[in-house]
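*Asks:* model the structure of this input:
(one chain, ligands or ions: 2)
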Amino acid sequence: MSESRRLYEEAQRVLVGGVNSPVRAAIKPYPFFVREGKGPYLFTVDGNRLIDYVLGYGPLILGHAPEPVTRRVMDYVSRGWLYGVPTEIEVLLAKKIADHFPSIRRIRFVNSGGEAVSTAIRLARGYTKRKKILKFEGCYHGAVDYVLVKAGSAAAHFGVPLSAGVPEDVAKLTLVARYNDLDSVERVMRSEGNDVAAIIVEPIMANYGVIPPKDGFLRGLREIADRYGALLILDEVVTGYRIGLGGAQRYYGVSADITTLGKIIGGGFPVGAVGARDEIMDLLSPRGPVFNAGTFNGHPISMVAGLATIEVLETTNAYENAINTSRRLAEGFNDIFSRLDIDHVVNWAPTMLQVFFTKGEVVDHETASKSNTKLYLRLHEELLKRGVFIAPSQFEAMFTSSSHTNGIIEETLRQVEDSAKALR
Ligand SMILES: Cc1ncc(COP(=O)(O)O)c(C=O)c1O
Ligand SMILES: N[C@H](C=O)CCC(=O)O
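*Replies:* Residues are numbered from 1 along each chain as shown. Ligands and ions are numbered 1, 2, ... in the order given. Have a look, this model is predicted:
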């Protein structure tokens, strides 16, 4: 019996489903257990080396254990790591983010993307004095009651469009429109717009595979939100610092009222952040009546790792590497599946991509759902056998990091070719 299998059997006795987040249980017949990660590689307890395109579901844009981040964390840890009072490092990271995101003047650090989203929604409700939220089918914003309606990611993979335990009275405050379809937004807003506190969107949908916004979609949302007096929340938990400094809002030239961040700004340690202009943020406790608090908010180790990561992104060619390799990977997937005459679509955005086994374009949850998800899972399994780890779910993304060299991409593509042949 492999060591991973033994550990999984043990894990199932004490952890629900043997895991702590459901997508991890999507690896069949059982998830592999990791001994360590270095650069683009994971090393399993079974002695396998895997090229990693999951990267902790996005945070590790520099790869595993990059030297500048490791050094800063190790230095910091010897000074203790939790004080219950502020540290300079929180201020430095907040200033850095405010420099990169003009729509953000003040920040509150929390511990996860989901917490950031729930704080952002509470703020939007406090600011507008309205109750409803408009989200998009297939977008995922964390395991948060207000947005667990027709969500992507593991909620889509395991078929949970409405989570049990979310009171109907809460779910009915969440309205749903179709991503990349401004008419569907207009329709909802025409009948309910005066009750809508915020439109929340992933600027690039990254939890239903990867689905970039069509030209004008995000600007259209900005215009509709303004017209109805609702706030626009850009959930940049994935895209913030992945698409580039300034996130998707800089890349697509659209400004958010409230931005949520997570993942990369903690350098792979737990983190979330909500940011906006002063007038909105000053509603938050202790200044205002909208409550937020957290024992671990602004955790020094997450702050130091996030700051070190962003400094590397600012001062090296890390983005150039990660963007070029993601592009080459997308082209390679396309070439291989075209040559083998397998219907497919590859969607790409800087440093992220996903392959869908379908004809035509993938622009929303419906077109993505036409993908042959079983074939995708077989691809994941064939690649895993050959030392390449892509997400075990169609409704996740592939990510590259600055540690993925051209050589590693070419090695990956050789394995993709062999895997694709095995699919026929
Ligand atoms: C766009 C987006 N928002 C929010 C979240 C929630 O973040 P976390 O898992 O850190 O709670 C995620 C990922 O889980 C995400 O992809
Ligand atoms: N899609 C999720 C976050 O982006 C995946 C992480 C998880 O739920 O464990």
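*Asks:* what residues does stretch 372-391 touch?
*Replies:* Applying Cβ atoms under 8 Å, 6 or more residues apart in numbering, the contact partners of stretch 372-391 are 23, 27-28, 32, 42, 48-54, 57, 355-358, 392-394, 397-398, 412, 415-416, 418-420, 422-423. In short, each C-beta sits where N, CA and C put it, glycine included.
*Asks:* does any bit of that stretch sit next to ligand 2?
*Replies:* No: interface with ligand 2: stretch 372-391 contributes nothing (Cβ under 6 Å from any ligand atom), its closest point being 8.1 Å away.
*Asks:* just the ones of the contacts of stretch 372-391 in strands?
*Replies:* Of these, the ones assigned to strands by DSSP state E are L42, R49, L50, I51, D52, V355, F356, M398.
*Asks:* which positions in the stretch 251-400 of the chain make contact with ligand 2?
*Replies:* E396.
*Asks:* show me where the stretch 251-400 of the chain has its strands.
*Replies:* Ranges of strands within the stretch 251-400 of the chain are 258-262, 272-276, 345-349, 352-356, 388-389, 398-399, based on DSSP state E, counting those that start in this stretch.
*Asks:* who wins for proximity to I233 among those?
*Replies:* Within the strands of the stretch 251-400 of the chain, the stretch nearest I233 is strand 258-262; the backing value is 4.6 Å (Cβ to Cβ).
*Asks:* adjacent strands (with direction) for that closest one?
*Replies:* Looking at strand 258-262 with DSSP bridges, its partner strands are strand 231-235 (parallel), strand 272-276 (antiparallel).
*Asks:* out of the ones you listed, which is closest to ligand 1?
*Replies:* strand 231-235 (4.6 Å; Cβ to the nearest ligand atom).
*Asks:* can you tell me if the closest one touches ligand 1.
*Replies:* Yes: counting by Cβ under 6 Å from any ligand atom, ligand 1 has neighbours in strand 231-235: D235.
*Asks:* distance from that strand to the middle of the chain?
*Replies:* Computed by Cα atoms, centre = their mean, to the nearest Å, the chain-centroid distance of strand 231-235 equals 15 Å.
*Asks:* and the residue of the stretch 101-250 of the chain found nearest ligand 2, how far is that from ligand 1?
*Replies:* Minimum separation of the stretch 101-250 of the chain from ligand 2 (Cβ to the nearest ligand atom) falls at S153, amounting to 3.6 Å. In this view, S153 and ligand 1 are 6 Å apart by Cβ to the nearest ligand atom, to the nearest Å.
*Asks:* so that residue sits against Y140, correct?
*Replies:* Yes: using Cβ atoms under 8 Å, S153 is in contact with Y140, at 3.9 Å.
*Asks:* need the overlap of contacts for the two.
*Replies:* Common contacts of S153 and Y140 (Cβ under 8 Å, 6+ apart): N207, Y208.
*Asks:* looking at these two, which has the bigger crowd around it?
*Replies:* When neighbours are counted by other Cβ atoms under 10 Å, S153 and Y140 differ, and Y140 comes out ahead with 30 against 25.
*Asks:* isn't there a helix covering that one?
*Replies:* No: Y140 is assigned coil when assessed by DSSP: H, G, I helix; E, B strand; the rest coil, not a helix.
*Asks:* thanks again, I'm all set now.
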